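K.L.:
using only what follows, build the 3D model:
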Amino acid sequence: MEQYIIRGGNPLAGEVEISGAKNAALGILAAAIMTDETVLIENLPDVRDINVLLEAMESIGVKVERITRHAVMMNSAQIGDVSVDYEYIKRIRASYYLIGALLGKYKKAVVPLPGGCNIGSRPIDLHIKGFKALGAKVEIRNGFIFANAEHLHGSHIFLDTVSVGATINIMMAASMAEGYTIIENCAREPHVVDVANFLNSMGANIKGAGTDVIRIRGVQKFHKTEYSVIPDQIEAGTFMFAAAATRGDIMVKNVIPKHLEATSAKLLEIGCEVEEFDNAVRVVASKRLCSTNVKTLPYPGYPTDMQPQIGVTLALAKGTSIVTESIFENRFKYMDELARMGADVRVEGNTAIITGVERLTGARVSAPDLRAGAALVIAALAADGITVVDDIVYIQRGYECFDEKLRSLGAEIEMINSEKEAQKFRLRCG
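P.N.:
Numbers count the residues shown, from 1 in each chain. Sure thing, here's the model as predicted:
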């Protein structure tokens, strides 16, 4: 079982290049099967979720050619099956995007209920509501979602709650439905906009992505395209908080600063210096940070995927902070692990009360999910002594070369597979 072993205490400094956005890329890859022509997708992150989805798509007949580590050529003209194997899907949440893509193109889809991180309830009832409004029959049997339609027609759909997944999925299906669709109370996240832009580059007619009302005029077929995925705002934010927690100085490159405004605002609030450039952000933390309150909200509010990273940073800040999680109910699992490192934290329902301590100390901890795992690595980098992080498979789902990028900033971190390798690291670190 792979682990990270980390000796903390070094301020991180230098430059780091951000990869393509995992959450955008998953939607874009699914949407790419909606044309019979060849599609080139660039700036793909080389992470586990992306590779699993590509394998799942190959299993139903999509031709996938790796041009480079970060670019694929895809052709979906020979899809022979609209039923996706459970073995792939149980490992990733975004498998459900294949429902909207297959339903839009073939008017039928059979996809297992999705897996992914256990961070709380993420029902697909809104997806189903949208598909039904477009004219599909949808039912769940034996752990599979069965969707089919004689033909799809435009509709007026109001989402009861803001949902990124439902917005993208309904948008894909509606883009090949007959007539006009309006989706209200849409998610506004950058990756929703990126998937819409990709669909439009294939010939879709989608307007309003990035606002809370999306209007779609269905088209009969899509054509080939070449497209580059946006940078990953969550990876960028993770390195920004790594600078804050370790009292470092990091230039985070290949980003869209506009997408990072909520993160940058909180970093400024707790005492960091944040400097924005055209496609980079520099974060400097030269002194002990101060406390703040934060509540997760849909974009453009503070992202739930950045909640664990600010949580571990506030564990070292002066004063008491309150973090309120309004999106996912299981997102505070990492707090127990943080307490093992000496943090003064208390969770009450969807709120964490964090009283900052002078220092954290190394311990053996376990990553409960993707973002919390990355946050625990940040805690380990800021802590005195050596920390071992278990279950890093979660982290590998969404961060490309995480340990390599951290080492380039001066971190003492290695991926290990055995106690013997851990002992070597300890001896080398003294």
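
K.L.:
residue ranges with poor pLDDT in this structure?
P.N.:
86, 88-91, 93, 114-123, 430 (pLDDT under 70).

K.L.:
now with 80, please.
P.N.:
81-95, 113-123, 328-329, 430 (pLDDT under 80).

K.L.:
Ala25 and Met240, how far apart?
P.N.:
Ala25 sits 21 Å away from Met240, going by Cβ to Cβ, to the nearest Å. Placement of C-beta: from N, CA and C, glycine included.

K.L.:
meant to ask about Ala411
P.N.:
15 Å.

K.L.:
look at those two and report which has more neighbours.
P.N.:
Met240 (29 against 25; other Cβ atoms under 10 Å).

K.L.:
now Ile354: how far from Val323?
P.N.:
Computed as Cβ to Cβ, the Ile354 to Val323 distance reads 6 Å.

K.L.:
got any residues that touch both of the two?
P.N.:
Common contacts of Ile354 and Val323, defined by Cβ atoms under 8 Å, 6 or more residues apart in numbering, comprise Gly311, Leu314.

K.L.:
how about the strands in the stretch 151-300 of the chain?
P.N.:
Here the stretch 151-300 of the chain has its strands, by DSSP state E, counting those that start in this stretch, at 156-158, 180-184, 205-207, 213-217, 225-228, 249-253, 273-276, 280-284, 293-295.

K.L.:
how about the CA coordinates for stretch 97-110, as PDB?
P.N.:
Taking C-alpha atoms only, stretch 97-110 is exported to PDB below (Å, rounded to 0.1, in the frame of the first residue of the first chain):
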ATOM      1  CA  TYR A  97     -21.600  12.100 -17.100                       C
ATOM      2  CA  LEU A  98     -21.700   9.200 -19.500                       C
ATOM      3  CA  ILE A  99     -25.400   9.000 -19.000                       C
ATOM      4  CA  GLY A 100     -26.000  12.500 -20.400                       C
ATOM      5  CA  ALA A 101     -23.600  12.000 -23.200                       C
ATOM      6  CA  LEU A 102     -24.900   8.500 -24.300                       C
ATOM      7  CA  LEU A 103     -28.500   9.600 -23.800                       C
ATOM      8  CA  GLY A 104     -27.900  12.700 -25.900                       C
ATOM      9  CA  LYS A 105     -26.300  10.800 -28.800                       C
ATOM     10  CA  TYR A 106     -27.900   7.400 -28.700                       C
ATOM     11  CA  LYS A 107     -31.100   8.100 -26.800                       C
ATOM     12  CA  LYS A 108     -30.200   5.300 -24.300                       C
ATOM     13  CA  ALA A 109     -27.600   4.600 -21.600                       C
ATOM     14  CA  VAL A 110     -27.000   1.900 -19.000                       C
END
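
K.L.:
so what's the closest residue to Val213 other than its chain neighbours up against?
P.N.:
Spatially, and ignoring its direct neighbours in sequence, Val213 is nearest to Glu184 (5.3 Å; Cβ to Cβ, 6 or more residues apart in numbering). Shown in contact with Glu184 (Cβ under 8 Å, 6+ apart): His156, Ile157, Phe158, Leu159, Asp212, Val213.
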